[in-house]
Every structure is written in structure tokens, then in C-alpha cells.
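Colleague: sequence plus predicted model, see below.
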Number of protein chains: 2
Amino acid sequence: MLASSTVENYLKAIHMGANGLRPGQRLLPMGQLAASLGVTPGTATTMAKTLADAGLAEYEPYAGVALTSQGERLAGLVLRRHRLVELFLVRVMGFGWDEVHDEAEHLEHVVSDRLIERIDEMLGHPEVDPHGDPIPNADGAIVTQPQDTLLTCPVGQPVVVTRVLDQNRAFLQFVETNQLKPGETIRVEGRDESADSVVVSGSSDRRLALGTRAASKLQVRAAG
Amino acid sequence: MLASSTVENYLKAIHMGANGLRPGQRLLPMGQLAASLGVTPGTATTMAKTLADAGLAEYEPYAGVALTSQGERLAGLVLRRHRLVELFLVRVMGFGWDEVHDEAEHLEHVVSDRLIERIDEMLGHPEVDPHGDPIPNADGAIVTQPQDTLLTCPVGQPVVVTRVLDQNRAFLQFVETNQLKPGETIRVEGRDESADSVVVSGSSDRRLALGTRAASKLQVRAAG
DNA sequence: CATATAGTTTTGAGCGGTCAAAAACAAGAA
DNA sequence: TTCTTGTTTTTGACCGCTCAAAACTATATG
């Protein structure tokens, strides 16, 4: 059973990439996969076929690649390790939520089942990591119900930030300094389609304008 | 600067292997290096030359290999990571001292400087790991004064176990169940050259006979 | 429909790490 | 000194992962 860290990274990348596809689209194009891994398209093609041979992915020439349920399961396990490690680094080791991603990126391939279950236990079987990303269960399954973002949530109603869909450090720091971290309660004051902006206010009544690009990366649920 | 996990493992193996050489011997033979890594002698030869080219080792054909000071430093850093991780797993994560070696073997190549220094701090800058092995400092330097073993320490005097020179799980469990772990106070009641044995007694006055092989793996210092 | 363009696959190659087996060597025995 | 034995080095090969560049679709455009 195929499972080098390289393979794990491809599985993760395919899983993640598939979540950014326009609806109806099932297969992730090679170019996208390659770009997300910082690799040549030819390399991605080769690997896609390897994964297909191993039963972890379905590969259609000139169309793209998608994970099989088995591949999805493995990807889930990698994500589980990654996210539990991130949360562990923040909660137990005292790191900032914006500085644990890279470390987790390495540890996720190396941490044993024993250790990861110990971590899970120590953290009280958490459901999400510091960014609000759901933590897959020990079978690699991810339970995730659709959520509103700042672009789709009701205007004028208080909402709680639940998830930040971008691991970029600068963005995370921006989110933190503007008190938009998961758990914060905010409110969308208005949206301006043509200005491409969303105005939000926090508890301190300070207003802040976000581009739709950024706004779409913040998931929320109704407060209460 | 060369530093894959493979290289790190070779550095560690050369360092460790050199500590088991009969005095006067400076170079570790290829056969021994290969055996300790579970690798073919030819492979070890190739790598020895690579390390020499990188300035990490000194390689003399048909004689063996030894670390340069630079190689020694890197080996020390690997050992530092390994041992801090082991101690962390025992003290913070609640694992048994006999079950952390393999995990550390993987983590040692992957854990960042930031994390390892955080661990070091959290543990209060410890000097030894759960087996009593010294923890190199952040420059990779190992401070280690020569110690007695059960074969060389004074007879009849109470001594404290300071270090167990064998990571084998069965041996560690034997040590634990017989209360010979680092920190325990014991006494050598006698040695019998021809029977190849050493008799020790613990606090509970229970006596125990060890073969010289095992006795040589337990380092001690005078109690008090 | 023909063609240009963007995306994809193939091919040939290289690097790191490994092995098996053949060749070379060191050192002691005859 | 010559031979024998055990170790070491060399050679040729392979696997996993990668790239550059050439060959090849698929699709949109004119």
C-alpha cells in the first residue's frame, strides 16, 4: 500500500483542489494540481496515473483527476493529523495560530497513530482546528455542513466567525488584528457589488471594508 | 548544505558506532556502519564518500569513516532533537519510556528549531533524556564525563543508576520491572568473573543476577 | 470548418538512495 | 612469500520523484 509523504501531499492537494471547483466540475485539471504542489504538469500527470493504478484516484486523460473513496479516506487521515497537530501546537505548545501551518505540514507525515490519538484525547476530541477547519475522524471521514460566508450571510444580523479558508500567514495576521478570528461575533453592515466590497463591524463598533475575495474566505453562522 | 533524513541517519550511526570502538580505533568500518543502518556495505561506502565530499566526514578507503567536527555538530543536533522529543513524549504526552524511541526516530528529522527550543524550555532545559542519555546543547555539543558501569563501580557501595545504554524495548522493560531505571539506588553485591555475572540488590533487598553483557549497559554514579 | 491557443501527455534525462554481484584489497596462515 | 578468507569497493541496474522540451489533444474563434 502506497503511502510516501509525496503521495500524501498529492492526495491532500487533490482533495483541497476539488473543493475549489465550480459546481458540476468533478475532475481537478492537471494544471491546477501541479500549480498547487509547485510541480510541473508532466509530473502531476505521472503521479495521477500512479494514484489511479493504486486505486486511490480516478484519472481521465485531458480531463483531470478525482479521489476514489479510498483516496478520500487517506486524504482525510492526513488532514486529521495536520489539523490535530496544528491545534496541539496552539493549545499545548503556545504557538500563534498563524505560525503552525508549516510545522504541521511536516509533522502530518510522520506522527504515529498512537501519538495522534493521544493528542486527540488530550485536546478533548476537538471538532475543528485553530482556523475552524473540521478535523476528520479516525476513519478519515469529514463531517461538514455547508456554511455561509460574509458574502452570503444575512445583512445586519450578528454572526460568529467559524472558519478562515486561507492559511496564508499575512492573511491570518490581518484576520487576527481585525478581530475576525473564529469565535468573534461580527455583523455585515452592507455589501456593494460594484465596489466589490463588504463592510463589517465588530463588537467595538469599528467598521472595516473587505474585498469580496477576502470576504469569501470567512465562514460564519448566525450568532446566538 | 546536505541534510536529508538519510544523511542525518548516517551521521547519527557513525557517531554512535564510533562510541563502540575499541580504544585506539578511530575509524568506523563500513561493514559495521552498514549493519547498523540495515544497508548494504556498498551503499554505506557510497554515502561515506558523499559525506566526505560535503566535509561532514573523513573517509579512508578500506579503513573506515569518522565524523569531522562539523559532522559531529550535525549529529549532535539530531541527537538533541531525538532526546528532547523522547523526554517530551514521556513527560508531557504520558508515554512509557520504553515506547518512545521509534516515534522519536521519525520526529527527529522533521521537528523545527522553533519547536525543539519550545520543548526544551517547557521541559526546563533538561540535561538527560528518559534513558539518561545526555541532551546535546543547541550547538550540537555533547558534554559527557566518563561514567562507571555496574562492571566497574565499587562493590558494596550504594550507587544511583544514571543511564541505560540500550534502546531495545525488551531490555528497557526488564530494567523497569527490576527497578533499575535511572534514578534508582542500588548496590553491587559481588561479581563473579567466571560465571560472567554481577549480583545487585535494590532498596527492597531483593537480589538479582545480571550477565556482564547486561551489567555493562547500566551506568551509575556514587549515591549521595 | 480550419486554425490558433491553452492545457496536457510523452519522452528522455537526472538525482538521491538503494541493491546484487563482480572485482579488488588487507592481513593472517601456510 | 603465496594463498585464503573476510571485508571493501566498483559496476550496472532499479525505483521514486522530478524537470525540460517536444508531441499531442480539446476547445474556442474566426
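Modeller: Done, it's in. Predicted model only: the values in this text are computed from it and were never measured.
Colleague: going by C-alpha atoms from here, please, whenever you check contacts or count neighbours.
Modeller: Fine.
Colleague: where exactly do the helices run in chain A?
Modeller: With DSSP state H as the criterion, chain A has helices at A:5-18, A:30-37, A:41-53, A:69-91, A:101-107, A:113-122, A:169-177, A:212-215.
Colleague: okay, buried residues for the last one please.
Modeller: Put plainly, it is helix A:212-215. Neighbour-count burial for helix A:212-215, counted by 16 or more other C-alpha atoms under 10 Å in any protein chain shown, picks out A:212, A:214, A:215.
Colleague: make TSV out of these and add distance to DNA strand D.
Modeller: Output for these, formatted as TSV (distance: C-alpha to the nearest atom of the strand, whole Å):
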residue	distance to DNA strand D
A:212	26
A:214	29
A:215	29
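Colleague: who's the residue nearest to residue A:180 when sequence neighbours are not counted bridged to?
Modeller: Spatial nearest neighbour of residue A:180, excluding adjacent residues (C-alpha to C-alpha, 6 or more residues apart in numbering or on different chains): residue A:161 at 6.7 Å. Using DSSP bridges, the bridge partners assigned to residue A:161 are residue A:220.
Colleague: circling back to that earlier point, want to try a markdown table for the helices of chain A, with mean pLDDT as columns?
Modeller: Shown next, in a markdown table, are these (pLDDT from 0 to 100):
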| stretch | mean pLDDT |
| --- | --- |
| helix A:5-18 | 97 |
| helix A:30-37 | 97 |
| helix A:41-53 | 97 |
| helix A:69-91 | 97 |
| helix A:101-107 | 96 |
| helix A:113-122 | 98 |
| helix A:169-177 | 89 |
| helix A:212-215 | 88 |
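Colleague: most tightly packed of those?
Modeller: The highest mean neighbour count among these, using mean count of other C-alpha atoms under 10 Å in any protein chain shown, belongs to helix A:69-91: a mean of 23.
Colleague: re earlier: nearest to residue B:72, of the buried residues of helix A:212-215?
Modeller: Using C-alpha to C-alpha, the shortest approach to residue B:72 within the buried residues of helix A:212-215 belongs to residue A:214, at 48.7 Å.
Colleague: the domain parsing of chain A - what is it?
Modeller: According to automatic domain parsing, chain A comprises the domains A:5-67, A:78-142, A:148-222.
Colleague: nearest to residue B:22, of those?
Modeller: domain A:78-142 (36.1 Å).
Colleague: the closest one close to chain B?
Modeller: Yes. Under the criterion of C-alpha under 8 Å from any C-alpha of the partner chain, domain A:78-142 makes contact with chain B via A:93, A:103, A:106, A:107, A:110, A:111, A:112, A:118, A:119.
Colleague: end to end on that domain, go ahead and measure it.
Modeller: End-to-end distance for domain A:78-142, by C-alpha to C-alpha, to the nearest Å: 12 Å.
Colleague: that one: how far from the chain's middle?
Modeller: Centroid separation between domain A:78-142 and its chain, computed with C-alpha atoms, centre = their mean, to the nearest Å, is 13 Å.
Colleague: repeat that for stretch A:160-172.
Modeller: 9 Å.
Colleague: repeat that for stretch A:136-155.
Modeller: Distance of stretch A:136-155 from the chain centroid (C-alpha atoms, centre = their mean) equals 10 Å.
Colleague: so for that stretch, what's the average pLDDT?
Modeller: The average pLDDT for stretch A:136-155 rounds to 92.
Colleague: got the end-to-end distance for it?
Modeller: End-to-end distance of stretch A:136-155 (C-alpha to C-alpha): 31 Å.
Colleague: cool, and stretch A:98-111?
Modeller: With C-alpha to C-alpha as the measure, stretch A:98-111 spans 21 Å from end to end.
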